[in-house]
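Peer 1: just a sequence and a predicted model for now, questions to come.
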Amino acid sequence: MITCFFWQQAEVLFNLKSFEVDMAFKRCKTKNLNEIVFATYLSISEKGKRYTFLMHYKYIANHLVFTLTHVYVTEETTAMYKTMFQKVFSLMFTWLQQELHWKHIHDDGMTAVTMNMNLKQCSDKSMYSELILDTFLIYLDLSQYLQFIDPHQHFWQWHSKYTVIYCIIHFKREIDKAAETNHNSDSIHTCMLKLLHCQSQSNYYELLQLIIDRDTFLIHLKSITDAFHVFSDSFFSNNSIHNWAHHKSHAYIVSEINKHCSLMNHDTFDSIQNHTNAVKTTHFKSNALKRQLPLLSAIL
């Protein structure tokens with residue numbers, strides 16, 4: 001494991017309320033070497049100008065993309081990712097002589113981490129279908145790290161419900177991939193999107209159950225609309241929607257999709273950027289320079 005950051009990057013991270021994580025980087029030509037990136041946006045201000053030499057020059061809504069750290073790893077295991085969080089924040093503590101605080105544990109500090117579902121394998125494969133195996137690891141590992149530093153040792157699920165927000169862009173892409181239907185007001189695609197806007201946890205699960213139970217859902221839909229033709233034939237034979245909906249029923253996922261299912265303060269949930277565009281911009285910018293790099297070249 002190789003962790004790369006300047007002390008200025010650590011200083012920025014320790015003063016943020018949230019940041020983004022992406023595990024999909026693959027710049028190095030070494031087959032088993034993966035790159036994890038933490039990033040955020042900084043406003044164009046005096047503080048931002050102070051760190052200009054560390055920024056990608058990509059303006060988005062008057063903000064600049066700021067990379068916080070790169071970590072190179074050769075494993076994809078639960079233990080490794082938990083260790084990764086521990087080592088990154090421990091190394092930053094060494095430089096700053098300051099511990100990273102988390103709002104739900106210490107009453108001040110970091111509030112949330114925004115992640116996508118482009119994740120790695122789940123150690124307990126019996127829990128999920130093949131579709132779902134890629135969606136579990138980073139949540140467990142971040143939450144286990146938080147459990148490790150929590151003096152009260154709350155379960156990892158409790159920490160996940162307080163800290164993780166699911167990238168809305170990836171959420172919508174998953175729906176596009178699973179639903180394969182029109183985006184009009186009566187489509188299954190639109191109903192899946194409505195999970196984002198349910199006004200209570202009970203409403204969320206009621207809508208989800210309609211999606212899971214497709215026969216019941218279709219009967220219900222047919223009774224209220226004459227737009228039954230919006231469903232393609234593939235809808236009746238494709239398990240993608242069923243698997244997608246079952247995945248969105250897991251408590252640690254539900255809390256990251258809808259603020260009414262989260263333990264996070266609702267105003268705080270709304271204030272956090274619900275996408276991972278900063279890390280994606282970092283990714284695209286890096287790839288534009290060069291790919292298939294030796295490790296040393298990637299680091300430099």
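Peer 2: Okay, I see it. Numbers count the residues shown, from 1 in each chain.
Peer 1: can you map out the helices along the stretch 101-250 of the chain?
Peer 2: Secondary structure of the stretch 101-250 of the chain (DSSP state H, counting those that start in this stretch): helices at 103-106, 137-149, 156-163, 168-179, 188-193, 201-212, 214-224, 234-237, 240-247.
Peer 1: let's have these in TSV, adding mean neighbour count.
Peer 2: All C-beta atoms are positioned from the backbone trio N, CA, C, and that covers glycine. Listed next are the helices of the stretch 101-250 of the chain as TSV, based on neighbours: other Cβ atoms under 10 Å:
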stretch	mean neighbour count
helix 103-106	18
helix 137-149	21
helix 156-163	22
helix 168-179	17
helix 188-193	20
helix 201-212	17
helix 214-224	13
helix 234-237	12
helix 240-247	19
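Peer 1: show me the shaky parts of the stretch 1-150 of the chain.
Peer 2: By pLDDT under 70, the low-scoring segments of the stretch 1-150 of the chain are 24-30, 44-63, 117-140.
Peer 1: that one: strands as residue ranges?
Peer 2: 2-4, 18-25, 34-43, 55-60, 63-73, 112-115 (DSSP state E, counting those that start in this stretch).
Peer 1: highest average neighbour count across those?
Peer 2: Among the strands of the stretch 1-150 of the chain, strand 112-115 has the highest mean neighbour count (mean count of other Cβ atoms under 10 Å), at a mean of 24.
Peer 1: for the closest residue to residue 3 other than its chain neighbours, give the beta-bridge partners.
Peer 2: Excluding the flanking residues, the one nearest residue 3 by Cβ to Cβ, 6 or more residues apart in numbering is residue 71, at 5.0 Å. As for beta bridges, residue 71 partners with residue 3, residue 36 under DSSP bridges.
Peer 1: quick one: contacts for residue 71?
Peer 2: 1, 2, 3, 4, 35, 36, 37, 84, 88 (Cβ atoms under 8 Å, 6 or more residues apart in numbering).
Peer 1: of all those residues, which two lie farthest apart?
Peer 2: Greatest spatial distance in the contacts of residue 71: 1 and 37, 14.2 Å, computed using Cβ to Cβ.
Peer 1: before we move on, back to that, export the strands of the stretch 1-150 of the chain to CSV and append columns for distance to residue 168.
Peer 2: Below are the strands of the stretch 1-150 of the chain laid out as CSV (distance: least, Cβ to Cβ, whole Å):
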stretch, distance to residue 168
strand 2-4, 29
strand 18-25, 12
strand 34-43, 16
strand 55-60, 16
strand 63-73, 18
strand 112-115, 9
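Peer 1: so which of those strands is nearest residue 273?
Peer 2: strand 112-115 (6.2 Å).
Peer 1: who's in contact with the closest one?
Peer 2: By Cβ under 8 Å, 6+ apart, strand 112-115 touches 17-22, 138-139, 142, 163-167, 256, 264, 268-269, 272-276.
Peer 1: just to revisit the earlier point, which of the helices of the stretch 101-250 of the chain has the lowest average pLDDT?
Peer 2: For these, the bottom mean pLDDT is recorded on helix 234-237, which sits at a mean of 46.
Peer 1: which residue sits closest to residue 99, ignoring its sequence neighbours?
Peer 2: Closest to residue 99 by Cβ to Cβ, 6+ apart is residue 93, at 5.7 Å.
Peer 1: just confirm the one you found contacts residue 100, I think it does.
Peer 2: Yes: Residue 93 lies in contact with residue 100 (Cβ atoms under 8 Å); the separation is 7.3 Å.
Peer 1: and the two? which has more neighbours close in?
Peer 2: Neighbour comparison, residue 93 and residue 100: the larger count goes to residue 100, with 19 against 14 (by other Cβ atoms under 10 Å).
Peer 1: from residue 148, how far out is the nearest residue to that one once chain neighbours are set aside?
Peer 2: Among residues not flanking residue 100 along the chain, residue 89 sits closest, at 4.9 Å (Cβ to Cβ, 6+ apart). Note on residue 89: its distance to residue 148, by Cβ to Cβ, to the nearest Å, is 11 Å.
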